[in-house]
Each structure stands twice: as structure tokens, then as C-alpha cells.
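# coords please:
(2 chains)
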Protein chains: 2
Amino acid sequence: MIKSIEESPLYRIANARSMAFFGASNSISSMGAHLLSAALASGFKGAVYPVHRKDANVLSLTAYRGVADFPEVPDLAVIVLPTHVVNETLEACGKKGIRQAVVVSGGFKEVGGIGGELEAELKKIAGTYDMKILGPNCLGVANPHRNINTTIIPNEGPPGFVGLASQSGSFVTQIFEYLSGFGLGFSTAFSVGNEAVLDIVDCLEYLGACPHTKVIALYIEGIRRGRAFIEAARAIVPHKPIVVFYVGGSKAGKAAGFSHTGAMAGPDELYDGMFRQAGIIRARSVVELFDFCWVLGALPIPEGNRIVIQTHSGGPGAAAADACGRAGLVLSTLSEKTLEKLAPFVPSTGSVGNPVDLTFTKDPTAFYFHIPGILLAEENADILMVYLLSPQRVVERILRGRGLPDEAASVQGRKITESNVDQLVQHLKKQKKPVVVYSFHRSDAHVMREVIAKGMPVFQGAERAARAVAALVAYAGVRER
Amino acid sequence: MIKSIEESPLYRIANARSMAFFGASNSISSMGAHLLSAALASGFKGAVYPVHRKDANVLSLTAYRGVADFPEVPDLAVIVLPTHVVNETLEACGKKGIRQAVVVSGGFKEVGGIGGELEAELKKIAGTYDMKILGPNCLGVANPHRNINTTIIPNEGPPGFVGLASQSGSFVTQIFEYLSGFGLGFSTAFSVGNEAVLDIVDCLEYLGACPHTKVIALYIEGIRRGRAFIEAARAIVPHKPIVVFYVGGSKAGKAAGFSHTGAMAGPDELYDGMFRQAGIIRARSVVELFDFCWVLGALPIPEGNRIVIQTHSGGPGAAAADACGRAGLVLSTLSEKTLEKLAPFVPSTGSVGNPVDLTFTKDPTAFYFHIPGILLAEENADILMVYLLSPQRVVERILRGRGLPDEAASVQGRKITESNVDQLVQHLKKQKKPVVVYSFHRSDAHVMREVIAKGMPVFQGAERAARAVAALVAYAGVRER
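A predicted model of the protein is given here:
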């Protein structure tokens, strides 16, 4: 295990101060144009050297004929060239003194035949020059904290706390937009490709030592160094949760994974045992992978699995109770003290059991402030789950119906929503129990944006929320071990 | 079973030509204001009579002191009054000749004690006046095809093909916005509440006969008339699919459901058997309930469970293969003929197996038109699943990098996306195999809106898409039976 992040062989890749692009291009349909464009759009501050045989400029940058022309030895070479010229380019980089490379080009072990031989040669070159290589057949790295992005898609979201090591480049790039929709972002994300030199274990160790990373996500099709993987994970999980989505366990997933990166998958039970042994939490899908990361990075770890549900509608309450039960959570029995405190806030048509169901209240402060406060003080509960429905558009409509101009009604509606969300969020800052929200609002609704901007996890439907809470509880168990 | 929709006791409720509102109010925090506002906002064309003791106008409408003042006998009475005056109001309505009522007020059987007696009295009044009553403790009906909405939230989306009968009013109202995000809408949605007079079986029969309803969704906490329910469902499923989310099967869901509507839930296995016997497809969550309705209403029914996956990224391909395998779908083996036809379109770094993985293509027409066409012609496949990534923002960035002004780059980017989606959608109209799309784009991304506007189901993540396809396959099995 590495003792500090600087010891990681990935350090100068994820924190490169200068980059050369082999395969850079002005052609809109070329992968090289996409990569360089994404790197520039991500705001990289260091020198960038695009290599092009003919063009004097590539995407407004001075182009170079080859390594010989570079005015310095760049930290990192990004290579997106036809397969047959990759190795000679790496050789030239090695001779120049470049010690880090991201090989985006495919056509190696994953295609079989001659591809395997080319990959063996690539590894030999890495050995000769002590070159740290990510790939081939990968998208490299995105480290938004350093404005570094060697992938094909610009990262427009803010830097965040989710560290990712992925055997799929898409689950780096195509998750940029997805995460930013939750107000989240990557701390650093690695696409490992064929793992010819550096592998997922190296990434895991890097992210374990990375100060920006609060939770680690893994997308895995197959693990090559099983023992090293378990050891690294075990050293990390006491202070940082790890979540995995493993795709190789089913017959169909295994076959698809093999043709993707040549990874050898193992039976689901075997991997399941390995993850459990290592204290890694398992997600069932990519969506769950990042749901789990959200709550694990944003919320305090609960002391137990006893949950209390707050709603103003019976159906969402019953559906949440059902989802919590199925996810292995226990619905708290509210104490006499809590029932007494709740009584003045719950109308006769509501229910003061668990779920606490208001049915309808005239006083939003009761729903968004007083009741959550009472429920968070309940000693029989470790977690609070709140159903969110914003009356914003209804309020706006009523105000318009009473003669208020459109603009004024709209301002007033927004204000009410914002004040409600503010009241709810105040509780989060003050105490140590996790609060999770579920809703059926569209993700682009004003209230959803407000909640997300305030750092509160909110999920569409109770099932996702309950499963995410169960992941929090699972991590509490891992830490106790 | 009813022979036509006009025979249904719900017909004049869901197709009321005039409505009286008892409990209508100008107070922004009252439920009566919300209800009347929602009804007006939904564009109801008939006469509306708000009842108010003092105010001359309610939300710009002339108010009436009581039933005696109405200039006609309205089709429907909507009652949102304190519990203790509901029955006397119903009695007055009966005497006036009103034969349909929606009782929104709660405080009846669901709260126990005196509530049970009040509900017995309500039923007696219904008997005396042959009055069709929805509720109490419900939100009534939304029929956007007739601009009718007695619920608390305005329905701003277009009319659609999803019929809903729900033991939760929230799953009517709070789904308006949710469904319209998918370009969907309700045909008619019923909130049944305590089912004192009319029940979920009556709604099922209505929706079975409703010409606007292509698929029926049920939210159930417990069924009172089991045999009638099965008989109605069996008569409907050969020509119209039914999907159910049953929440009472778990201990937690059962307890919550009981305090909600007083419904007696049964063991999960019992209900599961009943649903299977009746040919009803079961969803695991509210999200799945409407996912299943989307594909069942929008796509043709497949002839089998053999699926082919098209992607340009290995990870999403492997994750989709895994999800399809776990959902009980079979990955097709592509015929020699198909492999030959595909060869020119798939680069050497891609894979012509299943998933068909392009990795990267310079030609979007290959991805959006030629390859889907070839795969839909494959005789070994019944279903096509396509992974969607829009290069729109990347293209815009590259164009800007080459000096195009922001506006022009943006227009060009949008054009490319729209043309890609158009190409994909062309296939849908021509053939009889279902095509489903999955993506990690945010639901408010331009490409997602385009796909949705063209009527193509698109899901966040492969798991949801695979589960929805499995529901299509399940319905094919039900129909064959």
C-alpha cells in the first residue's frame, strides 16, 4: 500500500503539469479532435502540445511534428492513434524522457490475435522506460480539481467527492452530466481499459489516499489481482466507503465484458464473497452505484437501521414503508414522548404512527421544520426519510386566481419553496442522523434543484431512497467490524 | 362486467358536465382552494358551483349559499368539508337530485372509532338516493380528455393513454408532472380512497371499457372483492395490459396501508398468485409501474424474449447485457447474414457480437439508421435495445474551437441531434419489433426531450430498460395463454 498520494504511479498522470496529444486533429468526426477539445474545455492550465504531421495549428493551438519538436519533456502523453503506430510512438516518448502515458487507442488484447502481441510489446516498452501507462483501450483520467481531462467529453460540472475507477471509459465520461444533475462531481475518475500496466488496484490505492475523495466507486468486469485488491480495499474501508457495480457475474454480462476489455469474470457468488470480505458495498446497477456514493459522501453514517418516515400522503408513506422493509430497514416505534410532541402538528385525518402522515397541513413550517426536528430527536430512530411535494405551482395558480399578476405569483411561489427547503436543511447541519428525501417531482423542477443545491440527497421514488439508506447502514456495519 | 363505458357507475363522475364544490374557499392554505383551483386550471368547460356561506365569489366564480340556490342539478358534487358535516351535505345533495359525489374529506373508517359509524351512515345515504360515491378520503378523478380534475393539483400535461385506479390520491396527483416528463399522460385516473361505495373493481371495469386507455395501472394496498377483481382483470387482459404495484405484501407496507385507507392487505404470495392468475403484470415500485405502462402503451408486443443490444461503448453494453440476463431476457445469437451486413459499419476496434459495440464511429447515420435497420431485420431477435449518447455538446465545442460563433455552433449541434433521433425513429414506424432506448443523459437534456417527443421510451440506465422490456415479454406470454 502507498503511504501518500504522491507515491502512487498514477500521481503524475492525474496531476500532469503538461500534456502532449498524439492523434490531435481538426476533423470534427475524429476521436482526436474530441479528446483535445474536451481537455481544453476542462480548463487545463499547463502547456498542451498537439502533434500533427501537416497542420500548423490544431484547435487554435500550435501543432508539433513529433516529440523532437517539443520545447520541454511533458509530464503526460495522450495517444489516440491507429493501433499499428502506438508502440513506436510510446518508444519515441520513452526516448524523449516522457514517463507517463494514456493510451486511448484500442485494437489490443481485447480484439485477440495480433492484438495480444501488440499489447505484450507495449508492456515491454513500459518496462524499458519505467513508463506508467493507463490503457490501452481506455479514456484515461479526469481530475477536475486540477482541470485535467483526457477523456472524450468535457466535464462541465464542478469538482466533487466521488472517486471512480472504471473498466469502462463511458462510465467516466457519460457520468459527468449525470452526476452534475445531483450537484455532484468526481474527485478523480480513472478509465483503466485493458490494464496492461496500471490496473484497478493502483486506482483504488490512489483514491484511498486522495484527500478530495470521500467515497470510491468501482465499475468492474473482472479483477486480475484479487489478493492485492482485497488488501487495498480492507485498508481503505475503515476510513472511506467503497461501492462496486460488478457486471461479470451473469452469463450475459461475462460474455460482454470479455469482448470489451478481455477481462476474465468470475461467478457472481465468488465476487460477492470477495466484496463482502473486503468490506465493499455492492450496487445492482450503475444508477445505484452513484446513488450509494451520493448518500455515503453527503450524509453522516447512522448508528443503526431504524428509520422513521414523514409524509403528507398515505400512498407515498405506504410505498416507502414497503420499500424500507424490503431493503432490510426497520420502521421505528415512536416513543410516547415523540407522540406527545407530534400531536399538535398532525391533523385528526392524519396518522402519528410510522410513517408519520399529515395528509394535509395548513402550516408548511410544521412539515418542513417542527416535525423533522421532533423525529430527529426520537431515540428509537437512526434515520429520517421525508417525502417531498412542493405546492409551488398550486400556490402560484391560487395567487393568480385571486388576481395577482403572473410575475408576482411566480416570485411568491418560488419564495415559499425556497423557504420550505431552507427550513428542512437547517436540521441537517445541526445533528448526526442522516436525512434522505424522496419525491416524484421531475429532476428539473425548481424544488428539486433547490434541495440538491443545498446538498441533500433526493431520489425519485421510495425504492431508490430506501436502497441508498440501506447502503449507509451496510457501511456502518462494515466500519464496526 | 359492463358492456360499454356508459354503463359504468363511474361514467357520470368521470364525464361530469357540471360540478358543485362544497368547501370551496379563497384561503390560500385551505384544501378547498387547492381543489377548486386545480379544477379550473384543468380547463373544465361545464358549469362550476362553489358553495360558500359568506363570500360572494370564490376564485372569481359566483358562490352559492347551498344546494337550494343552484340554478340546475349538477352532475357531480365534490365535497371537501369537515368530517362531521359531510353526511348532512350528501343528504342535501341527494334530496336535490345529485346522483354522483366525490368525497375528499377524511376522518372515516381509516381513523377507526366514530369514523367507522360515519362511513356506515354515508353508505346508507348512498343507498337511499342511489348515489354513486367515490371516497371518502380520496381525491376523486382526473379525466384530461374531458378537462375534468377533482384532485388537489392541476394537470398541466396532455391527455394520454395510461388509465389509473389507485388506493392513493397522491399517485394520481403527484404523477401528473412525472408522467408528462415522459411525454405521457393519464387517459383517466381514479383515486378510490376508502371505497365505501365504488371500489377499485369498478374503476378497473371502467378503464377496461375506456377507449382512450391503452394500458391500466393499479396501485393497491388491499383488495376487498377478490373474485370480482380477478374476473374483471381476466376479461380485460386479452386486449389491454394491466400492471399493478402492490404495497401490502411486506409487514411494513401492510401496517402503513391499514392506517392509510383501512385496507386489509394479504400475504405477498397470495396476492402474487392472484395477480398471476388474472394475467396482471407486477411492478416492484411506483417508478416501475409507470415504466411498464410506458412500454406497454407505446411499443408493439414482441414475439419472444430474444434481445439484441446496440452500443458504442463497452461498459454500457456489458451493463445492459448483465441487466437483460438478470431480467430473464435472452441475448440473440446474430445470424451469419446479419454479421455480414454489419461488417462494413463496425470498426476493427468494435465488436460485431451481441452487444453490437461500435466503440467509435465517424458516421452517425451508421449508428442511428443502418445498424438498427440491420438488427431489426435479424430473425433471431425479437427486441432491440439501443444505448443513447448525444455528441451534441462535444460537437458544439469543437465547432466553437474552430472559430464558429456560439449561436451558430449551438444551432448546428441541435440539428445533428435532431437528425440522429429522426433517423432512429423512422425504424419504429415501419416494423413490429419493440425498440427501447437507455441512456445516462439527464432527463432535461435536449436529446432526451427529442426522443421522448417522438414517442420512444428511454430509460436512465440499462436496468430499468431491461425490466420494462421484460414486462413487455410477460404481457406477450399472458396474451398467448
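# What ranges does the stretch 51-200 of chain A have for its helices?
Taking DSSP state H, counting those that start in this stretch as the test, the helices found in the stretch 51-200 of chain A are A:86-96, A:114-129, A:170-180, A:200-209.
# tell me the average confidence for the first one?
Pointing back at helix A:86-96 there. In this model, helix A:86-96 has an average pLDDT of 97.
# starting at the chain centroid, how far to that helix?
34 Å (C-alpha atoms, centre = their mean, to the nearest Å).
# And the host helix or strand of residue A:475, what's buried?
Using DSSP states H and E, the element containing residue A:475 is helix A:462-480. Neighbour-count burial for helix A:462-480, with 16 or more other C-beta atoms under 10 Å in any protein chain shown as criterion, is recorded at A:462-476, A:478. Every C-beta, even on glycine, is put in place using the N, C-alpha and C of the backbone.
# which of those lies closest to residue B:139?
The nearest member of the buried residues of helix A:462-480 to residue B:139, counting by C-beta to C-beta, is residue A:462 at 19.4 Å.
# was I right about the closest one contacting residue A:323?
Yes: counting by C-beta atoms under 8 Å, residue A:462 does reach residue A:323; the two are 4.2 Å apart.
# Please identify every residue contacting each of the two.
residue B:285 (C-beta atoms under 8 Å, 6 or more residues apart in numbering or on different chains).
# My read is that residue A:179 contacts residue A:159, right?
No: Residue A:179 is beyond contact range of residue A:159, at 10.9 Å (criterion: C-beta under 8 Å).
# Between these two, tell me which one has more neighbours.
For the pair residue A:179 and residue A:159, the greater number of neighbours falls to residue A:179 (24 against 16), based on other C-beta atoms under 10 Å in any protein chain shown.
# Next, find the distance separating the more buried one from residue B:481.
Distance from residue A:179 to residue B:481, counting by C-beta to C-beta, to the nearest Å: 44 Å.
# can you point me to the longest helix in chain A?
helix A:406-430 (DSSP state H).
# Specify the angle between whatever helix or strand comes next after that helix and helix A:462-480 in degrees.
Heading C-terminal from helix A:406-430, the first helix or strand you meet, by DSSP H and E, is strand A:435-439. Interaxial angle, strand A:435-439 versus helix A:462-480 (axes from the mean of the first three to the mean of the last three C-alpha atoms, to 10 degrees): 160 degrees.
# Is the helix or strand following strand A:435-439 in proximity to chain B?
Toward the C-terminus, strand A:435-439 is succeeded by helix A:446-453 as the next helix or strand (DSSP H and E). No: judged by C-beta under 8 Å from any C-beta of the partner chain, helix A:446-453 stays clear of chain B, getting no closer than 10.3 Å.
# Please enumerate the helices of the stretch 201-350 of chain A.
Using DSSP H, counting those that start in this stretch, the helices assigned to the stretch 201-350 of chain A run over residues A:226-236, A:251-261, A:268-278, A:286-298, A:314-326, A:336-342.
# Now do the buried residues in the longest helix of chain A.
Buried, per 16+ other C-beta under 10 Å, within helix A:406-430: A:409-410, A:412-414, A:416-418, A:420-421, A:423-425, A:427-428.
# Could you give the bridge partners of residue A:64?
Beta-bridge pairing of residue A:64 under DSSP bridges involves residue A:51.
# Next, the contact list for it, please.
Per C-beta under 8 Å, 6+ apart, neighbours of residue A:64: A:20, A:49-52, A:70.
# could you check the angle strand A:435-439 makes with the longest helix of chain A?
Going by the same axes, to 10 degrees, helix A:406-430 makes 150 degrees with strand A:435-439.
# Compute the inter-axis angle for helix A:406-430 and helix A:286-298.
Calculated by the same axes, to 10 degrees, helix A:406-430 forms an angle of 70 degrees with helix A:286-298.
# by contact count, what packs against helix A:406-430?
Contacts defined by 3 or more C-beta pairs under 8 Å, 6 or more residues apart in numbering or on different chains; DSSP states H and E place helix A:406-430 against helix A:364-365, helix A:371-376, helix A:392-401, strand A:435-439, helix A:446-453.
# now what about it, what contacts it?
Outside helix A:406-430, the residues touching it (C-beta under 8 Å, 6+ apart) are A:364-365, A:367-369, A:372-373, A:376, A:386, A:390-393, A:395-397, A:399-400, A:404, A:435, A:437, A:446-447, A:450-451, A:454-456.
# thinking again about what came up before, which of the helices of the stretch 51-200 of chain A sits closest to chain B?
Nearest to chain B among the helices of the stretch 51-200 of chain A is helix A:170-180 (3.6 Å), distances taken as C-beta to the nearest C-beta.
# Which elements pack onto the closest one?
Packing contacts for helix A:170-180, counted by 3+ C-beta pairs under 8 Å, 6+ apart, involve strand A:140-143, strand A:162-166, strand A:186-191, helix A:286-298, helix B:314-326.
# Using JSON lines, please lay out the helices and strands packed on helix A:406-430 together with mean pLDDT, mean neighbour count and distance to residue B:346.
Shown next, in JSON lines, are the helices and strands packed on helix A:406-430 (pLDDT from 0 to 100; neighbours: other C-beta atoms under 10 Å in any protein chain shown; distance: least, C-beta to C-beta, whole Å):
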{"stretch": "helix A:364-365", "mean pLDDT": "82", "mean neighbour count": "16", "distance to residue B:346": "56"}
{"stretch": "helix A:371-376", "mean pLDDT": "94", "mean neighbour count": "21", "distance to residue B:346": "54"}
{"stretch": "helix A:392-401", "mean pLDDT": "77", "mean neighbour count": "22", "distance to residue B:346": "48"}
{"stretch": "strand A:435-439", "mean pLDDT": "95", "mean neighbour count": "23", "distance to residue B:346": "42"}
{"stretch": "helix A:446-453", "mean pLDDT": "92", "mean neighbour count": "20", "distance to residue B:346": "39"}
